[in-house]
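**Student:** no sequence for this one, just the structure:
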């Protein structure tokens, strides 16, 4: 089934406060999906001037000592692309952005228009609120939540694009909506009637300054898809012969959206004043949401999103991101590469092409983890209409209007949160919510700890077939809803993204677990990332109560090797550096104890195995008359020693079997061991081992049990 490829990223961006709804800035726009046309709520906002400077072909030059200027020319294709993008940015210079002040000034002077729209909204939502209040007073609100959630979804669809987008925004806010509402609102589809083709073609010609005939050799006579912000045509470029998707913005959409947000914002003030249930500033949420919806109205910025996303993530052979045709793109017209493919939830169609759905989902999960935790810039709405399986077996990402960014501190805090979850350290989990910006520092997290413990103790005891990401999201959502959390937009979108991916996988395999598929990435990052936060998280995972958990290390290596980017050369190097740093004394003491225990295990295990081959008549002579037990150790203690030795051997073999394993990876370790601190460390280990073995030998000579 043919489908259009939407675009992705490339805007950097420091998010700005709500700029004015005027002409002159480039907001991030949203390319609605050519299939389901779900709209996006979040993206980044570089100012136009910064974007324009970035897009200009900057001269690359060096200044030789003789004073002559040497210019390094850009490749012709790249220079042409930059020039075309710069022209597209200039065409979008009048794109609108949102400002609550200017919205108020614009519609405050149009009372009749405002009252007419207000009546339509109130008449549709009024009956819903009356039913809700009646049910709350009669104590039946909880049992009717699903019914009311379905009704609200229907009303939002009827009220048009602004309310469809509002519903989609609420579907990512577990701190505002109960789970039933989250689930129903996440199913909102914003398909709307198409507008006349004549209007669309006129918009193309006006925006690009060219006639339709001079741009396309052919174009579909009617749109192949329509959404709240625009509609899409399939066309063939006259100049290059490339097949493209052309999205054209709906006429008058800015006016309609602006009026709706003026009214919704007024309602937000009433909610803040009279509804105590919400701990979040509703007006601030509405402003943020309105700002992001207006960002979607500039297609040039979305093209830049596409470029950035492609640069960051299309380096993997199984990921496809479409190209943008800048010569034919403006604020209201977007021309992108057409991609043939099958929606990811169409399992039978995918299998008929000889492809495996789970392979594609795994590619999506690994790409999403890189987006969320490596670079921080991510596609926030990978629903089935936005993910295509191409005939070549690639996963094509579509519709990049809803983009978001994970703050750097939060990226590491999320990985640390996973470590704390594995360790069932709920106090540390609660503290993580400060770093994740869920709670202000003045909020006491102690009441939250029992709620986390009650849920996760049960969740972590589920069988593998029962524990999935959805289970954790629902449980965590209930905790967030009951306590004064303010969930950042990026985190809500992360939960939604991974939940959608797991849903696609479960469609193909009911036993699939997105957490299990994600763990290799987490393991690889913990073993190889030198970031101080992750170094501490790894140490926290491996050490407990003064003991090293070799099973955890073995599991990390086994899982980490499943990640295709795992490097044996980098594994454990961060911990080694911490171990030998001036601040690593506590860790060194723990490592010394463990090194002594491991050395003893290897020595005694070898002695025990060698003993089996000693003739019986020599055993009593060599081992002080003890023909049965040469080491005077209990069977349990000896079994523990052998298991530890075998586990260490397995870990070493795991490293050896890595693709990039090379004995030279030990050279940095040997170099480090030449440092004074390392030599002192080695001396302490040798001394400890000597003392332990000496004590055992003395016990042996005296005929006493070492256990005693």
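**Tutor:** Noted; the coordinates are in hand. Model, not experiment: these values are computed from the prediction.

**Student:** And the helices in the stretch 301-450 of the chain, which stretches?
**Tutor:** Counting by DSSP state H, counting those that start in this stretch, the stretch 301-450 of the chain has helices at residues 347-352, 357-370, 408-422, 426-435, 448-459.

**Student:** Can you lay out those as CSV showing distance to residue 248?
**Tutor:** Just so you know, the C-beta spots here come from the backbone N, C-alpha and C atoms, and that holds for glycine as well. Shown next, in CSV, are those (distance: least, Cβ to Cβ, whole Å):
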stretch, distance to residue 248
helix 347-352, 29
helix 357-370, 29
helix 408-422, 37
helix 426-435, 43
helix 448-459, 47
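
**Student:** Among those helices, show me which one is buried the most.
**Tutor:** Sort those by mean neighbour count, taking mean count of other Cβ atoms under 10 Å, and helix 357-370 sits at the top with a mean of 21.

**Student:** pLDDT of that helix, averaged?
**Tutor:** The average pLDDT within helix 357-370 is 87.

**Student:** Going by contacts, tell me the helices and strands next to that helix.
**Tutor:** Using 3 or more Cβ pairs under 8 Å, 6 or more residues apart in numbering; DSSP states H and E as the contact test, the elements touching helix 357-370 are helix 299-313, helix 347-352, strand 387-389, strand 395-397, helix 489-508, helix 514-528.

**Student:** and the angle from it to helix 489-508?
**Tutor:** Interaxial angle, helix 357-370 versus helix 489-508 (axes from the mean of the first three to the mean of the last three Cα atoms, to 10 degrees): 170 degrees.

**Student:** what about residue 288, which helix or strand?
**Tutor:** Assigned by DSSP states H and E, residue 288 belongs to helix 282-295.

**Student:** domains of the protein?
**Tutor:** 78-92+196-249+301-338, 100-190+255-292, 344-545, 567-618+632-702 (the TED database).

**Student:** weakest of these in terms of mean pLDDT?
**Tutor:** Here the lowest mean pLDDT among the domains of the chain goes to domain 567-618+632-702, at a mean of 64.

**Student:** where does residue 558 fall, phi/psi-wise?
**Tutor:** Note on residue 558: backbone dihedrals following degrees, to the nearest 10 are phi -60, psi -50.

**Student:** Quickly find the element holding the residue lying closest to it once chain neighbours are set aside.
**Tutor:** Of all residues not flanking residue 558 in the chain, residue 654 sits nearest, at 6.4 Å (Cβ to Cβ, 6 or more residues apart in numbering). Under the criterion of DSSP H and E, residue 654 resides in helix 635-656.

**Student:** Would you list the phi and psi of residue 318?
**Tutor:** phi -100, psi 10.

**Student:** Contact partners for it?
**Tutor:** Contacts for residue 318 (Cβ atoms under 8 Å, 6 or more residues apart in numbering) come out as 360, 363, 393, 394, 395.

**Student:** in the sheet, who's paired with residue 231?
**Tutor:** Using DSSP bridges, the bridge partners assigned to residue 231 are residue 226, residue 248.

**Student:** which stretch among the domains of the chain comes nearest residue 552?
**Tutor:** Ranking the domains of the chain by proximity to residue 552 (Cβ to Cβ) places domain 344-545 first, at 5.5 Å.

**Student:** and the end-to-end length of the closest one?
**Tutor:** With Cα to Cα, to the nearest Å applied, domain 344-545 spans 46 Å between its terminal residues.

**Student:** which other helices and strands contact whichever helix or strand residue 102 is part of?
**Tutor:** For residue 102, the element it lies in under DSSP H and E is helix 100-107. Helix 100-107 sits against helix 253-274, helix 282-295, with contacts defined as 3+ Cβ pairs under 8 Å, 6+ apart.

**Student:** Hey, what's the angle from whichever helix or strand comes after it to helix 100-107? Just curious.
**Tutor:** Using DSSP H and E, the helix or strand that directly follows helix 100-107 along the chain is helix 111-137. Counting by the same axes, to 10 degrees, helix 111-137 lies at 120 degrees to helix 100-107.

**Student:** Tell me the buried residues in helix 111-137?
**Tutor:** 114, 117, 118, 121, 125, 132, 135 (16 or more other Cβ atoms under 10 Å).

**Student:** now for it, which elements pack on it?
**Tutor:** Packed next to helix 111-137, using 3+ Cβ pairs under 8 Å, 6+ apart, are helix 145-159, helix 253-274.

**Student:** how about those in JSON lines, adding distance to residue 98?
**Tutor:** Listed next are the helices and strands packed on helix 111-137 as JSON lines, based on distance: least, Cβ to Cβ, whole Å:
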{"stretch": "helix 145-159", "distance to residue 98": "19"}
{"stretch": "helix 253-274", "distance to residue 98": "7"}
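
**Student:** Rebuild those helices as a markdown table, extending it with mean neighbour count and distance to residue 327.
**Tutor:** Output for the helices and strands packed on helix 111-137, formatted as a markdown table (neighbours: other Cβ atoms under 10 Å; distance: least, Cβ to Cβ, whole Å):
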| stretch | mean neighbour count | distance to residue 327 |
| --- | --- | --- |
| helix 145-159 | 17 | 37 |
| helix 253-274 | 17 | 24 |
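
**Student:** So which of those helices is nearest residue 409?
**Tutor:** The minimum distance between residue 409 and these falls on helix 253-274, with 28.9 Å, by Cβ to Cβ.

**Student:** for that closest one, packing partners?
**Tutor:** Partner elements for helix 253-274 (3+ Cβ pairs under 8 Å, 6+ apart): helix 100-107, helix 111-137, helix 161-170, helix 282-295.

**Student:** now it and helix 161-170, what's the angle there?
**Tutor:** With the same axes, to 10 degrees defining the directions, helix 253-274 sits at 50 degrees from helix 161-170.

**Student:** which residues are contacting helix 253-274?
**Tutor:** Residues outside helix 253-274 that contact it (Cβ under 8 Å, 6+ apart) are 21, 96, 98, 100, 103-104, 106-107, 113-114, 117-118, 121, 160-163, 166, 228-230, 278, 281-283, 285-287, 290, 293-294, 297.

**Student:** can we see that at 7 Å?
**Tutor:** 21, 96, 100, 103-104, 106-107, 113-114, 117-118, 121, 161-162, 229, 278, 281-283, 286, 290, 293, 297 (Cβ atoms under 7 Å, 6 or more residues apart in numbering).

**Student:** who's in contact with residue 435?
**Tutor:** Contacts of residue 435 (Cβ under 7 Å, 6+ apart): 409, 410, 413.

**Student:** Could you find the closest non-adjacent residue to residue 153?
**Tutor:** Closest to residue 153 by Cβ to Cβ, 6+ apart is residue 184, at 4.8 Å.

**Student:** give me the number of residues near the one you found?
**Tutor:** Residue 184 has 23 neighbours, counted by other Cβ atoms under 10 Å.

**Student:** Kindly report the same for residue 82.
**Tutor:** 17.

**Student:** Tell me which helix or strand it sits in.
**Tutor:** Per DSSP H and E: helix 76-91 holds residue 82.

**Student:** Does residue 150 touch residue 183 like I think?
**Tutor:** No. Using Cβ atoms under 7 Å, residue 150 makes no contact with residue 183, being 10.0 Å away.

**Student:** Buried members of the contacts of helix 253-274 into PyMOL, please.
**Tutor:** Restricted to buried positions by 16+ other Cβ under 10 Å, the PyMOL selection for those reads:
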select buried, resi 21+96+100+103+107+114+117+118+121+161+162+229+282+283+286+290+293+297
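
**Student:** Quick one: residues contacting residue 216.
**Tutor:** 235, 236, 237, 238.

**Student:** what about 8 Å?
**Tutor:** Residue 216 neighbours (Cβ under 8 Å, 6+ apart): 235, 236, 237, 238, 246.

**Student:** Same question for residue 362.
**Tutor:** Applying Cβ under 8 Å, 6+ apart to residue 362 gives the contacts residue 517.
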